[in-house]
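Undergrad: Following is a predicted model, sequence given first.
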Amino acid sequence: MTSSPQAEPIVSNEPGSFPWGVLTKRHPQLIETVRRQLPYPPATQEALDSLLRTLDRAVPPLEPGACDHQKWQDWSAPYLGMRWVDAPFLWAESYFYRLLLCATDYFESGPWSGVDPFAPQKNAELETPELSRDLGALDRLVEAPGEVGLSAALSAALWGNRADLGFRISDPSAQERQQVEDLVADDSSLVPPLLDSRPAGQVHLIADNAGRELVADLVLIDRLLVTGRAAEVTLHLKPYPYYVSDATTQDLLMVLRRMHAAGGAADDIATRLAANIRDGQLRVQTHGFWCSPLTFHDLPGDLTAELASARLVIIKGDLNYRRLVGDAHWAPTTAFTDLTSYFPAPLLALRTLKSDVAVGVNSERLARLESSAPGWRTDGTHAVIHARP
Ligand SMILES: O=P(O)(O)OC[C@@]1(O)O[C@H](CO)[C@@H](O)[C@@H]1O
């Protein structure tokens, strides 16, 4: 009998560690930013201050009337009352975002219902020169022939994951650091054979960030549809704001609008995708699970059934990767395929590394990374393309 690999879950109680920095520095900074950027009324400011005060105290319960209260009660019961930093990192972050939406009355009926507290940050990114440059570069990308075009679109979707606003709050210089093109692991050669068995199949993309990353994801989706490598695509978005820049339907609409405004190939792609949404070839979906504090081992039955028929599921970003393999102290040489054998469909993970989890790294590469690039797991310069047929 073979046993599944095991590892200790990541917690945040080691001062100076990456998760400790997120909980004790990034989260307070984020509350300050949200409070500054939107003119919230006194009661909301007080609720945000109160959330800020709890961060170095015990984890508070969700208000009894809050939406999804029972679900969160079940997910949170083991951790309420403990220090934030002693709870599993994955759970603590997710719960923090849920409490932030509570504090800003996101789910309440009234004037602040559905107002995205991160919208000012997301909107500002849509106006950056970097995004304009990405949109301008699409004119060349669309002309690239088959394999070259697919590879360029995959690479853009991979590195687009660096544009993560939560990460930039605690590390503003991250964008200036050079990306390391030599991938930590690269299974990209497995992608064409996975897609090309006939007839073309269903592809699902589990999205991560809005803005620049979503532009790149949409270009990849367009490429798959235009070249007939996917018959239909399902784009999974977050049902509500999460991890600062995670993409919601509202963000998709903003990005499409920005692409139209850019003209050229960006406009053409946005026009095709809008038509694809209208005719059902591109389905946009949201599911509460994507904003839960659970790993993909706990995918609910409806999502499992849906993903099971996919030719390929593309999983974007750092957080989705942590949820896929488990947010634990794996030995980096642990095989990606072993950790993801439970997943119901062939999968492709595109991730820039922005947290401690690392798997699927061969031992020589690991030794080189440890000696020459000590920050490789968390500084956003390194990336992996992992596939499991
Ligand atoms: O999922 P993404 O957008 O690629 O990254 C999310 C992130 O910024 O948040 C977590 C830490 O807060 C890490 O997983 C990562 O740094």
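TA: Yes, it's here.

Undergrad: alpha carbons only for contacts and neighbour counts from here, please
TA: Noted.

Undergrad: Can you report how many residues lie near the residue of the stretch 101-250 of the chain at minimum distance from the ligand?
TA: Closest to the ligand within the stretch 101-250 of the chain is F167: 4.0 Å, counting by CA to the nearest ligand atom. By other CA atoms under 10 Å, 22 other residues sit near F167.

Undergrad: again with Y342
TA: Y342 has 12 neighbouring residues, counting by other CA under 10 Å.

Undergrad: Which residues lie in contact with it in this structure?
TA: Shown in contact with Y342 (CA atoms under 8 Å, 6 or more residues apart in numbering): H297.

Undergrad: Sketch out the low-pLDDT regions of the stretch 1-150 of the chain for me.
TA: By pLDDT under 70, the weakly predicted segments of the stretch 1-150 of the chain are 1-5.

Undergrad: Around the ligand, pick out the residues from it.
TA: Contact residues, the stretch 1-150 of the chain versus the ligand (CA under 6 Å from any ligand atom): V22.

Undergrad: Now the residue of the stretch 101-250 of the chain closest to the ligand: which helix or strand?
TA: Element membership for F167 (DSSP states H and E) is helix 165-170.

Undergrad: helices and strands around that helix, which ones?
TA: When contacts are defined as 3 or more CA pairs under 8 Å, 6 or more residues apart in numbering; DSSP states H and E, helix 165-170 packs onto helix 27-37.

Undergrad: Now the helix it packs on: buried residues?
TA: By neighbour count on 16 or more other CA atoms under 10 Å, the buried set for helix 27-37 is H27, P28, Q29, L30, I31, T33, V34, R35.

Undergrad: neighbouring contacts of it?
TA: Taking CA under 8 Å, 6+ apart as the rule, helix 27-37 contacts Q45, L48, L52, L55, F96, L100, P117, F118, P120, I169, S170.

Undergrad: The helix or strand hosting D74: what's the following helix or strand?
TA: Counting by DSSP H and E, the element that carries D74 is helix 69-76. Using DSSP H and E, the helix or strand that follows helix 69-76 in sequence is helix 89-103.

Undergrad: chain center to that next one, what's the gap?
TA: Here helix 89-103 is found 15 Å from its chain centre; the criterion is CA atoms, centre = their mean, to the nearest Å.

Undergrad: Could you do stretch 337-350 as well?
TA: Counting by CA atoms, centre = their mean, stretch 337-350 comes out at 16 Å from the chain centroid.

Undergrad: ends of it, how far apart?
TA: One end of stretch 337-350 sits 15 Å from the other (CA to CA, to the nearest Å).

Undergrad: Please apply the same query to stretch 346-360.
TA: End-to-end distance for stretch 346-360: 16 Å, by CA to CA.

Undergrad: Does W376 lie in a helix or a strand, and which?
TA: Short version: W376 belongs to no helix or strand, going by DSSP H and E.

Undergrad: Look up how far L252 lies from it.
TA: Separation of W376 from L252 (CA to CA): 31 Å.

Undergrad: who's more crowded, those two?
TA: Between W376 and L252, counted using other CA under 10 Å, W376 has the larger neighbour count: 22 against 18.

Undergrad: Could you find the closest non-adjacent residue to that one?
TA: Sequence neighbours aside, H382 is the residue nearest to W376 in space, at 6.0 Å (criterion: CA to CA, 6 or more residues apart in numbering).
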